[in-house]
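> Here's my sequence, what's the structure:
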Amino acid sequence: MIKAVAFDIGKVLLDFDYSILVRKLAPQTQWNEPELNDYLNQSPLLARYESGELSSSKFFEQIKGETGFRGSETDFAALFEDIFTPISGMIDLHRQIAQSGIPTFTFSNTNEMAVRYIARTYDFWPIFKGHILSYEVGALKPEAKIYEALEEYSGFTGGEIAYLDDLAENCAAAGERGWQVCCHKDVSCSREFLGELGVLNPSSNPDSAS
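Next up, the predicted model:
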């Protein structure tokens with residue numbers, strides 16, 4: 001019996017696109033867009049930030065020092081946050097589960113700037129019973145430590161937990177712990193997964209927006 005449902009954030013509840021940041025940030029730095037894209041997406045800097053190794057201020061200071069960004073930390077945060085688009089069908093599925101009384105949790109590799117923005121922008125945030133976030137735990141999926149943190153926080157383990165994530169390696173790590181796992185591809189497949197587990201009303205609209 002499923003007693004908790006955990007949702008990844010990026011590409012499950014919210015789409016994100018770092019190219020939006022790159023296009024807006026590049027004119028305010030000494031670098032062109034390809035250089036900046038490689039720096040943000042292929043260096044270990046973002047992983048260090050999302051694992052909690054770097055604070056938001058340290059993350060900003062390093063980017064400012066290396067790229068020559070001419071704005072303030074507040075200016076940078078406004079650009080860094082503005083990369084999300086809601087996946088309305090998944091947000092609707094989450095709301096249905098939460099309203100049924102099953103506790104739900106975010107379970108995500110993410111960072112403080114993104115979470116500040118999401119928490120003040122999207123009304124789904126306070127509906128979750130709790131948030132297991134990499135930068136707070138000090139570990140990134142698929143490291144065992146962050147999965148253990150969700151189990152400890154929720155009080156549930158193994159097949160009591162249903163989990164939706166878009167990355168195969170994160171899904172595999174959850175499966176090894178006995179969680180019920182959906183490697184999210186689209187709203188339809190995730191709805192089917194949740195329906196088969198009995199945590200979603202089978203009469204939910206199959207034509208919900210994705």
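> Quick check: next helix or strand after the lowest-mean-pLDDT helix or strand in the chain?
None of the helices or strands of the chain scores lower by mean pLDDT, DSSP states H and E than helix 33-42, at a mean of 91. Using DSSP states H and E, the next helix or strand after helix 33-42 towards the C-terminus is helix 45-50.
> List the buried residues for that following helix?
45-46, 48-50 (16 or more other CB atoms under 10 Å). Where you see a C-beta, it was placed from the backbone N, CA and C, and this is true even at glycine.
> Can you tell me which helices and strands that helix packs against?
helix 56-67, helix 134-137 (3 or more CB pairs under 8 Å, 6 or more residues apart in numbering; DSSP states H and E).
> what distance separates that helix from the middle of the whole chain?
Here the centre of helix 45-50 is set off from its chain's centre by 14 Å, with CA atoms, centre = their mean, to the nearest Å.
> now stretch 113-132
On CA atoms, centre = their mean, the centre of stretch 113-132 falls 10 Å from that of its chain.
> And for stretch 192-199?
Chain-centre distance of stretch 192-199: 21 Å, with CA atoms, centre = their mean.
> Pull out the buried positions in it.
When burial is assessed from 16+ other CB under 10 Å, stretch 192-199 yields the following buried residues: 193-195, 199.
> What of stretch 156-175?
Within stretch 156-175, the residues that count as buried by 16+ other CB under 10 Å are 156-157, 160-165, 167, 170-171, 173-174.
> quick one: contacts of that stretch?
For stretch 156-175, the surrounding residues in contact (CB atoms under 8 Å, 6 or more residues apart in numbering) are 1-8, 10-12, 90, 107, 141-142, 144, 147, 150-151, 154, 177-185, 190, 193-194, 197, 199.
> Go through the helices and strands packed on helix 45-50 and pick out the most buried.
The highest mean neighbour count among these, using mean count of other CB atoms under 10 Å, belongs to helix 134-137: a mean of 20.
> From the contact counts, what lies against it?
Right, helix 134-137 is packed against helix 45-50, helix 144-154 by 3+ CB pairs under 8 Å, 6+ apart.
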